[in-house]
Structures are given as C-alpha cells and as structure tokens.
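Next one to model:
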Amino acid sequence: MHCKDCHQDYEKYFQHQKECPGKVRIDCDVCGTIEQQDLVKKIHEEYDKKGSLKGDDGVFGEYLNRGFVERTEDGWTKYYGCKYWNPIQVDNEVIDRLAIVKRALLRMVKLFPFCVLFPRRMIKWLSSVYDADLKKHEPQWSGFAKALIKAAEKFLIPKDHNENIKSLKAKGDNVVINNEELVIKQTGAKKLTRKVFKVIRRMKAFKLLVMIPQHDSGYYWRLLDFVINVKIKGVWQEFNLGIERETGKDGGISWKYRLFKYLTIPFYPLIKRFCSNVDIDLTEDEIYFGFRRKGYDFLGIPFKKRAAWAEEKDKKLGNVILGNNINV
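Numbering: from 1, shown residues only. Got it, this is the predicted structure:
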C-alpha cells in the first residue's frame, strides 16, 4: 500500500487520485508494479504531446490486458513497453465490417455448401463487398498475411494478365480498369475484359479473406499454424491437428475445422499447392505474440510452456504489460 490517503479502502479503488499526497515508489495493487507505474507515466506524457493515443485491448493474449500504440511501420504495430512488434493491426471499424462477412460466410457454408457448389458467385460476392466496404481500409500487409498475398499473386494471377491489361488500355482512349461493363463499351473486347476482371475479382476476394487474420488474433495464429502443418503433413492431417490443439472449454472453433475438413475435400490438392507456395519466415515477434495466446496451442506447444517462454523474454528485454485493472 503506497498511499494511505486513497488506498486504505480496497472497495473504493476508483477514489484513487493520479497525484497522491504521500505517494512513494512501491508496487501497488491499484497502480501496478513500479515498472507499470513508470509506463503509465510515459503514456500520459506521450498523450500530452500527441493529443491522443490508441489503446488496443487483449493484444497480449486473451486475458485482460491493454497495449497503447507507439507507432506502426510496414503493417507492424509497436506498443509502449514492449520491444516486440505485433503483425496484427487492430482496427475496430474493419473488425466490425469483417464480423458481418464472417457470419454470412459461416451461415452459408453451414446451411448449404454454397462456396463449394457456386465458387464463382462466392468470389463475385466477396469482391463486391471488398469494393463497397473494405477497399479503402486495405492495410499494409505484414508478416504471415503479407506472405499469403504474395503467394496468391503467384497462384491466382496468370502470366499474361499484365499484358492483357496493356492490350485493353491500347484499344481505347483513357481506359481505366475499374469497371467491367464500361471497359467493354470502351474497348469492344468483351472476352478479354471478362478474362482480366475474373482475375481481379479473385484477388479482391482473397484480400478480403486475408483481412480477417490480419486484424483478428484468433484467426492469425490458427491459420499460420495451418499453413505450416499443411506444408509438412498434408491437409487432412492438419485439420485433425487443428481440432486437437483447440483448448477452449467449449471446443473453441474446432467445429469449424470439422466443417471445412469435409467441405473442402475436393480442393485438397489446390490447398496443398497454395500452402507450398507460401514463403513463411516466422519471426521472433510473431512467435512472441502467438505464444501469448491461450485458446490454441500454437505450434503444438502447451500454453504453460509458451507462457513461460514469453515471460522469460519479458524479463530479459524489460517488457511491461498493462492489465485492464490499471488506470491509465
């Protein structure tokens, strides 16, 4: 208890004042450890300089915590008090929009294998959602998400795509490749235009799907683990591993693994080929944030071992994590 004036009554933590008379440097149940108090002070100073700071909840694991963004660079996020960079970009507006997309996708797949029987319609729908709601929010791809986009460009874009775009632009004046029907009117090249926009829609749909792990920790580490294991073991074996590694009391999202395990059987060769093209350079930053997640045994390592590794790194590097119970 570092302040007799406002910390006497544990039932009234909210009465604590930022500037306590008689305050001394000592660990406190209300204000946190000395290191946490120093970090809070620094955050206040930075807030005064910048006028605002963005706080992200739960970035250091599912348990209660908060990180304040120091800066972003090439899609990576640096938080005050932590030496590691997070590949996840927390954007609440994008997360809310993606939540609607995820619910719609899961409902369609659960009630009817729409995406399996009508893949072209699914791609067209995803592409339209991307254009209408998420194109302006496209992030700087980082880490594993960046590797997925690069692999998709090699996998989904044919070698003659750029030449086809040049041919279309040469067929008319001021041709802009952003509206399929307009390009057909300007160029008269219906078949070539359809071919070009088919590729464009595929990439838009894929980018929308990659936005989900890019902005959601719950998917980022599971999908990264999935691709790593598909490259080593195969698709069927990885679905089974994913189910085993779910640690939530209600099975987490293991039912989704079971659902997609059977619905995607016709596409196993394609999934295997795509994952083989994903160049994964797993960084210590990604390992650190992945190891702090409790709901899924990332890389097959139990949470206790992963948490011990992360805590050891925190001690070595001087990382300071703020709990949601600490007033900032």
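
just checking, what's the longest strand in the chain?
The longest strand of the chain (DSSP state E) is strand 66-73.

what's next to the helix or strand that comes right after that one, contact-wise?
Sequence-wise, the next helix or strand downstream of strand 66-73 (DSSP states H and E) is strand 76-79. Strand 76-79 has contacts (CB atoms under 8 Å, 6 or more residues apart in numbering) with 56, 59, 67-72, 85-90, 142-143, 285. C-beta: built from backbone N, CA, C; applies to glycine.

again with stretch 155-171
With CB under 8 Å, 6+ apart as the criterion, stretch 155-171 contacts 175, 177, 183, 186-189, 192-193, 195-196, 199, 202-203, 206, 273-274, 277.

Endpoint to endpoint, it covers what distance?
One end of stretch 155-171 to the other measures 28 Å (CA to CA, to the nearest Å).

How about stretch 176-184?
11 Å.

buried stuff in that stretch?
Counting neighbours by 16 or more other CB atoms under 10 Å, one finds that the buried residues in stretch 176-184 are Val183, Ile184.

Stretch 163-178 now?
Asn164, Ile165, Leu168, Lys169, Val175.

which regions of the stretch 51-200 of the chain sit below the pLDDT cut-off?
63, 107-118 (pLDDT under 70).

So which residues of it form strands?
Under the criterion DSSP state E, counting those that start in this stretch, strands of the stretch 51-200 of the chain are mapped to 55-57, 66-73, 76-79, 85-86.

okay, these in TSV with distance to Arg306 next?
Formatted as TSV, the strands of the stretch 51-200 of the chain follow (distance: least, CB to CB, whole Å):
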stretch	distance to Arg306
strand 55-57	21
strand 66-73	18
strand 76-79	19
strand 85-86	16
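
Just say which of those is most tucked in.
Neighbour counts (mean count of other CB atoms under 10 Å) averaged over each of those peak at strand 85-86, with a mean of 24.

just how off-centre is that strand within its chain?
11 Å (CA atoms, centre = their mean, to the nearest Å).

That one: partners in the sheet, and parallel or antiparallel?
strand 76-79 (antiparallel) (DSSP bridges).

And the helices in the stretch 51-200 of the chain?
92-111, 114-117, 119-129, 143-156, 161-170, 180-187, 190-215 (DSSP state H, counting those that start in this stretch).

Relative to Lys256, which of those helices is closest?
Minimum separation from Lys256 across the helices of the stretch 51-200 of the chain (CB to CB) falls at helix 92-111, 7.4 Å.

And the helices of the stretch 51-200 of the chain: which comes nearest Gly295?
Among those, helix 190-215 comes nearest to Gly295, with 14.5 Å by CB to CB.
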